[in-house]
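Participant: sequence below, structure please.
(2 chains)
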Number of protein chains: 2
Amino acid sequence: MPRLTDTRHRMLRTAASLMRRQGYAATGWRQVVAESATPWGSQAHHFPGGKEQLAAEAVALAGAGYERMLRGVLAGRHPAEAVAWWTEAAAVGLQQSGWADGCPVATVALETAHTSDALAASCSSAFASWTVALADAMREHGAPAEQADRLAMVVLAAIEGALLLARARRDPAPLLVVGNELRDLLLAKMPPSAADE
Amino acid sequence: MPRLTDTRHRMLRTAASLMRRQGYAATGWRQVVAESATPWGSQAHHFPGGKEQLAAEAVALAGAGYERMLRGVLAGRHPAEAVAWWTEAAAVGLQQSGWADGCPVATVALETAHTSDALAASCSSAFASWTVALADAMREHGAPAEQADRLAMVVLAAIEGALLLARARRDPAPLLVVGNELRDLLLAKMPPSAADE
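Facilitator: The predicted model follows:
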């Protein structure tokens, strides 16, 4: 039944986009149904677990999309250059969206992770997949495994924080400053070889 | 009228505590009035600007409290040790609160900064006051002014991100890993002098 599958996917994409901008609590079924142009009533069929199920799946969908973007940026670039590229692109995306489109997972995580097991698991899996993508790339560029894991966590934390500070200030500076500092840190920890040139 | 002032302050403290845990959208007047044990109706008198005014003032109150804590931690410690102390204390606080009490500003900022000028200004001022506290301490320990500003922003961003990742994972590891890496970074950038021993 491609029609139903399409309806379900449209609702997920709409929910992911709304929750990225305004969070979990502010996003209601009515808005999801209206903006996805799906028939009222279909939500109960597709998401019998209610808004929690919708949000957990929306976060997983957004997390997978962000992981693909991140792996694409990391492919064929030194991690230091990839991180600088990522922060610059995030700064442009944030500014062009009127400071609305930051991390697609962070707002939902902060609102719900302590009260919903399903949402904590979904948010945590998304963050873990990005950390693994970063650590994989660092190992490929010579970082010892344990150092790569720690550095990947620091990089993700710093960029998440920079996205937060940039949104609050409505100013790309935190992303650009953090991107530059992380690039210097990663160049010092894993000096580029001739293969990176 | 001390009675009225006390009512107003109780509502602000309650709102700050609720918004730290569950965010802006999930925090309604009924819950604030009930948990602050203030009379229904007093909110219109004290906060004619509505929930946006309440939240902006609650964020300012929480931000000022966090700045005092931070300046206290930084006083008499090398910034590297202060940052390690801060992340360890934050990890303990997060765990003891059932992963609820993270940054008192971040959730509201992510939910509202792109749509409310008043809330963006309030969140941004809080973050700026913490960055200034960190940069002041770094300059006192020998960092050049411009480097201190950049490092302070990186430290705050990384700790904000670590608070987010720790909440999602319900695990203190991101705070401890980020705290250790930041300590090493700050020790390398501003080697302790004899006065710090």
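Participant: so which bits of stretch A:31-44 are buried?
Facilitator: A:32, A:33, A:35, A:36, A:38, A:42, A:43 (16 or more other Cβ atoms under 10 Å in any protein chain shown). For the C-beta atoms, the positions are set from N, CA and C on the backbone; glycine is no exception.
Participant: what about stretch A:129-148, distance to the chain center?
Facilitator: 18 Å (Cα atoms, centre = their mean, to the nearest Å).
Participant: stretch A:105-120 now?
Facilitator: Counting by Cα atoms, centre = their mean, stretch A:105-120 is centred 14 Å from the centre of its parent chain.
Participant: with secondary structure, pLDDT and distance to residue B:103 as extra columns, can I get the buried residues of stretch A:31-44 in TSV?
Facilitator: Compiled in TSV, the buried residues of stretch A:31-44 are given as follows (DSSP: H, G, I helix; E, B strand; the rest coil; pLDDT from 0 to 100; distance: Cβ to Cβ, whole Å):
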residue	secondary structure	pLDDT	distance to residue B:103
A:32	helix	97	28
A:33	helix	95	33
A:35	helix	96	30
A:36	helix	95	32
A:38	coil	91	36
A:42	helix	87	37
A:43	helix	89	33
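Participant: is it possible to get TSV of those that adds distance to chain B?
Facilitator: Converted to TSV, the buried residues of stretch A:31-44 look like this (distance: Cβ to the nearest Cβ, whole Å):
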residue	distance to chain B
A:32	15
A:33	19
A:35	16
A:36	20
A:38	23
A:42	24
A:43	20
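Participant: greatest separation within the residues you listed: which pair is it?
Facilitator: The span of these, defined through Cβ to Cβ, is set by A:35 and A:42 at 13.7 Å.
Participant: residues contacting residue A:143?
Facilitator: Residues in contact with residue A:143 (Cβ atoms under 8 Å, 6 or more residues apart in numbering or on different chains) are A:151, A:189, A:190.
Participant: in chain A, which spans are helices?
Facilitator: A:2-22, A:29-36, A:42-46, A:50-74, A:79-96, A:106-112, A:117-140, A:145-169, A:173-189 (DSSP state H).
Participant: show residues contacting the lowest-mean-pLDDT helix or strand in chain A.
Facilitator: The least trusted helix or strand in chain A, going by mean pLDDT, DSSP states H and E, turns out to be helix A:2-22, with a mean of 88. Helix A:2-22 has contacts (Cβ under 8 Å, 6+ apart) with A:27, A:31-33, A:35-39, A:42-43, A:45-47, A:54-55, A:57-59, A:61-62, A:97, A:100-104, A:107-108, B:25, B:111, B:114-115.
Participant: quick one: buried residues of that helix?
Facilitator: For helix A:2-22, by 16+ other Cβ under 10 Å, it's A:7-8, A:10-22.
Participant: need the CA coordinates for that helix. CSV is fine.
Facilitator: Once non-C-alpha atoms are left out, helix A:2-22 reads as follows in CSV (Å, rounded to 0.1, in the frame of the first residue of the first chain):
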residue,chain,number,x,y,z
PRO,A,2,2.3,2.8,-1.2
ARG,A,3,-0.4,5.5,-0.4
LEU,A,4,-0.4,4.7,3.3
THR,A,5,3.4,4.4,3.5
ASP,A,6,3.6,7.8,1.8
THR,A,7,1.2,9.3,4.3
ARG,A,8,3.2,7.8,7.2
HIS,A,9,6.5,9.1,5.8
ARG,A,10,5.0,12.6,5.2
MET,A,11,3.8,12.8,8.8
LEU,A,12,7.3,11.8,10.0
ARG,A,13,9.1,14.3,7.8
THR,A,14,6.7,17.1,8.9
ALA,A,15,7.1,16.1,12.6
ALA,A,16,10.9,16.0,12.3
SER,A,17,10.9,19.5,10.8
LEU,A,18,8.5,21.0,13.3
MET,A,19,10.3,19.5,16.3
ARG,A,20,13.7,20.7,15.0
ARG,A,21,12.3,24.2,15.1
GLN,A,22,10.0,24.4,18.0
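Participant: wait, what's in contact with the residue nearest to residue A:169 when sequence neighbours are not counted?
Facilitator: Excluding its sequence neighbours, the residue lying closest to residue A:169 (Cβ to Cβ, 6 or more residues apart in numbering or on different chains) is residue B:124, at 4.8 Å. By Cβ under 8 Å, 6+ apart, the contact list for residue B:124 reads A:168, A:169, A:170, B:109, B:113.
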